[in-house]
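*Asks:* Just the structure for this:
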Amino acid sequence: MAADLAAEQAAAAEPAGSSEAGTSEAGTPAGAPTAAPPTVAEQAAAAPAGSAGVRAIASLEGSGAPGPPILRWDGAARTVAEVEAELARIWVSPEARAVVAAVANEEQPGRIVAARSSVLNLVAVARRPEIGQRVAAEIATLTGRHPSRTMVLVPSDPDGPAWFRARVRAYCMVSREGSAETCSELVYAEAGGETGRHLAAVVAPLLVHDLPVAVWWPGDVPFGTRLADDLVGLADRLIVDGSSWSGDGLDRLRVLAGVARTVQVTDFAIARQARWREAIASAFDRPDMLPYLGSLRRISVAFATLGGPGAEVATNLVRPVYHVGWLASRLGLRPAGRLRRETRKPSARHASRSGAPDPGRGLRGTLAGDRGRAVDIVVRPVVSPVPPGSTLRVELLAERRGRELRVEVTGEAEVVRVRAWHDGIETLDRPYFAPRQTEIGLLAEAIESGASDPVAHAALEVAAAFVTPGEQR
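*Replies:* Next up is the predicted model:
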């Protein structure tokens, strides 16, 4: 898909209806022998770039067998009204009616009539074309499982003249033997000027009524702008990835917590931490360790940084702060003040002598509990080659009746490891096979879950309450 969408950006659209009915996407006459169904990427790459109105249902051969999503329809539009018309034609075209007739007359006994998935409207906003192309390709793989209609919006050149162009596609698949072929519609729209600044006006008339609306905003969300306010205002759910935000991400975290009071929010940054949460909780499954949860003295989170000048303001801190938010919300603790930058900076002379870049200052704070209980919070940068902002280690330190417990959890791409020491003697070393979740997997989970996640919401609330406004850091 990415290849042909990229080509389409530079191609001029032809008048709608310029293609010949009864041919497959690649131009093969309907009914001709076909090979094994190609993948979505192969289907998209083979589709004619820039040829508006390639409104062709693929060959009926092999349509009744389970397999990957297949591109069944491809059209183009220059206005929102043309997009609406193109979407309507998918289900009333002569090709579609021919399929229904063939099934009714038992000419295609192995084929069940295609039906549109009825789950939700998914609106993805991409700040750059390459992000839009990646998002569109990922969403196409969810056909048969999730969105009934997806709109991928790519705004650009807000100060230029108004313009709009879109591709309208239908991807279909059979998920299992004997089931109906399910189709999802994808509208890939680019807009500039006044149109690009008011995308909610593009989205609203294209929504499938009576279905929920999820807005997925990869990368930075421009909270406080009319673009963001209008689109979030249409949403039942906002899907973001706080770990991808520029800078330290903490100011946006505060805004996100406010949005979450009126709109369901899914943040991939906290969803990815499920394996960490399970590992930390498992350390206290043992009866001899559980009582220590009420005697925590310190929570320490180490995160990766490249170090050097500017590392403090450039490294995203959303993930380490989420760890603190989750632990506090589960243990009934609340922020006593806000997280603040450490006042002590590593010695420049030491950094020069060791040859290692300066990791910058970490964050410190305090959580308060009942009966004057206080827990120190340390969020510490560590120079590492892994992506900046990644969690390297979560450490809990507790003291109870003269004994000390230290629990340490570390994570890699496929494994999370839990270790514990009682008074310096190791008593637990347990690895978990828990692969890091992919973006498309997280998106599928966010769509499937439907209801709000109270655990994630509570963690977001505490994390946001812990954040110091930018001007005070």
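*Asks:* how would you label Asp248: helix, strand or coil?
*Replies:* Local secondary structure at Asp248 is given as coil here, using DSSP: H, G, I helix; E, B strand; the rest coil.
*Asks:* what about it, distance to Arg361?
*Replies:* Here Asp248 is placed at a distance of 12 Å from Arg361 (Cβ to Cβ, to the nearest Å). No exception for glycine: its C-beta is placed from N, CA and C like everyone else's.
*Asks:* Between the two, which contacts overlap?
*Replies:* Listed as contacting both Asp248 and Arg361 by Cβ atoms under 8 Å, 6 or more residues apart in numbering are Glu312.
*Asks:* Could you list the low-pLDDT ranges of this structure?
*Replies:* 1-65, 93-118, 144-147, 178-180, 344-354, 468-473 (pLDDT under 70).
*Asks:* Determine which residue of it is most distant from the centre point.
*Replies:* Computed with Cα atoms, centre = their mean, the maximum C-alpha offset from the centroid of the chain is found at Gly402, amounting to 45.6 Å.
*Asks:* how about that residue, what does it touch?
*Replies:* Neighbour list for Gly402: empty [criterion: Cβ under 8 Å, 6+ apart].
*Asks:* from memory Val152 sits against Leu186, does it?
*Replies:* Yes - between Val152 and Leu186 there is a contact under Cβ atoms under 8 Å: 7.0 Å.
*Asks:* who touches both of these two?
*Replies:* Taking Cβ under 8 Å, 6+ apart as the contact criterion, the residues that touch both Val152 and Leu186 are 136, 139.
*Asks:* residues contacting the closest residue to Leu331 other than its chain neighbours?
*Replies:* Distances taken as Cβ to Cβ, 6 or more residues apart in numbering place Leu293 nearest to Leu331, at 6.4 Å, with adjacent residues excluded. Contact partners of Leu293, counting by Cβ under 8 Å, 6+ apart, are 284, 331, 398.
*Asks:* burial measure for the last one, as a count.
*Replies:* The number of residues packed near Ala398 is 21, by other Cβ atoms under 10 Å.
*Asks:* so what's it closest to, chain neighbours aside?
*Replies:* Leaving aside its chain neighbours, Ala398 sits nearest to Tyr292 (4.0 Å; criterion: Cβ to Cβ, 6+ apart).
*Asks:* before we move on, what about the first one?
*Replies:* Excluding its sequence neighbours, the residue lying closest to Phe284 (Cβ to Cβ, 6+ apart) is Leu290, at 5.0 Å.
*Asks:* And for the one you found, the neighbour number?
*Replies:* By the other Cβ under 10 Å criterion, the neighbourhood of Leu290 contains 11 residues.
*Asks:* If I follow the layout properly, it ends up in contact with Ala281?
*Replies:* No - using Cβ under 8 Å, Leu290 is not in contact with Ala281, being 10.5 Å away.
*Asks:* What segments of the stretch 301-450 of the chain are strands?
*Replies:* Assignment of strands within the stretch 301-450 of the chain using DSSP state E, counting those that start in this stretch yields the ranges 334-335, 340-341, 363-368, 374-383, 391-400, 403-411, 415-422, 425-433.
*Asks:* Format those as TSV; extra columns: distance to Ile131.
*Replies:* As requested, those are exported to TSV (distance: least, Cβ to Cβ, whole Å):
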stretch	distance to Ile131
strand 334-335	34
strand 340-341	32
strand 363-368	30
strand 374-383	28
strand 391-400	25
strand 403-411	27
strand 415-422	29
strand 425-433	31
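*Asks:* I'd like to know which of those lies nearest to Val202.
*Replies:* When the strands of the stretch 301-450 of the chain are ranked by distance to Val202, counting by Cβ to Cβ, first place goes to strand 391-400 at 38.2 Å.
*Asks:* Can you work out which other helices and strands pack against that closest one?
*Replies:* In terms of contacts (3 or more Cβ pairs under 8 Å, 6 or more residues apart in numbering; DSSP states H and E), strand 391-400 is packed against helix 274-282, strand 296-305, helix 318-331, strand 403-411.
*Asks:* can you pull the buried residues of that strand?
*Replies:* 391-398 (16 or more other Cβ atoms under 10 Å).
*Asks:* what do you get for stretch 294-312?
*Replies:* Result for stretch 294-312 [16+ other Cβ under 10 Å]: buried residues 295-307, 311-312.
*Asks:* With stretch 432-445 instead?
*Replies:* With burial defined by 16+ other Cβ under 10 Å, the residues of stretch 432-445 counted as buried are 432, 434, 437, 442-444.
*Asks:* In helices, which of those fall?
*Replies:* Assigned to helices by DSSP state H, the following of these qualify: 442-444.
*Asks:* Could you dump these into TSV and include distance to His323?
*Replies:* Formatted as TSV, the entries for these read as follows, by distance: Cβ to Cβ, whole Å:
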residue	distance to His323
Leu442	18
Leu443	23
Ala444	24
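*Asks:* Tell me the one among the residues you listed nearest to Ala200.
*Replies:* Compare each of these with Ala200 using Cβ to Cβ and the shortest gap goes to Leu443, at 21.6 Å.
*Asks:* Might one say that the closest one is in contact with Trp216?
*Replies:* Yes - using Cβ under 8 Å, Leu443 makes contact with Trp216 at a distance of 6.8 Å.
*Asks:* Who are the contact partners of the closest residue to Val383 other than its chain neighbours?
*Replies:* With Cβ to Cβ, 6+ apart as the measure, Gly307 is the residue that lies nearest to Val383, at 4.2 Å, once sequence neighbours are left out. Residues in contact with Gly307 (Cβ under 8 Å, 6+ apart) are 356-360, 381, 383.
*Asks:* Let me have those residues in JSON lines, extended by distance to Pro161 and neighbour count.
*Replies:* JSON lines is the format used below for the contacts of Gly307 (distance: Cβ to Cβ, whole Å; neighbours: other Cβ atoms under 10 Å):
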{"residue": "Ala356", "distance to Pro161": "52", "neighbour count": "13"}
{"residue": "Pro357", "distance to Pro161": "46", "neighbour count": "15"}
{"residue": "Asp358", "distance to Pro161": "48", "neighbour count": "21"}
{"residue": "Pro359", "distance to Pro161": "48", "neighbour count": "22"}
{"residue": "Gly360", "distance to Pro161": "44", "neighbour count": "22"}
{"residue": "Pro381", "distance to Pro161": "46", "neighbour count": "27"}
{"residue": "Val383", "distance to Pro161": "48", "neighbour count": "16"}
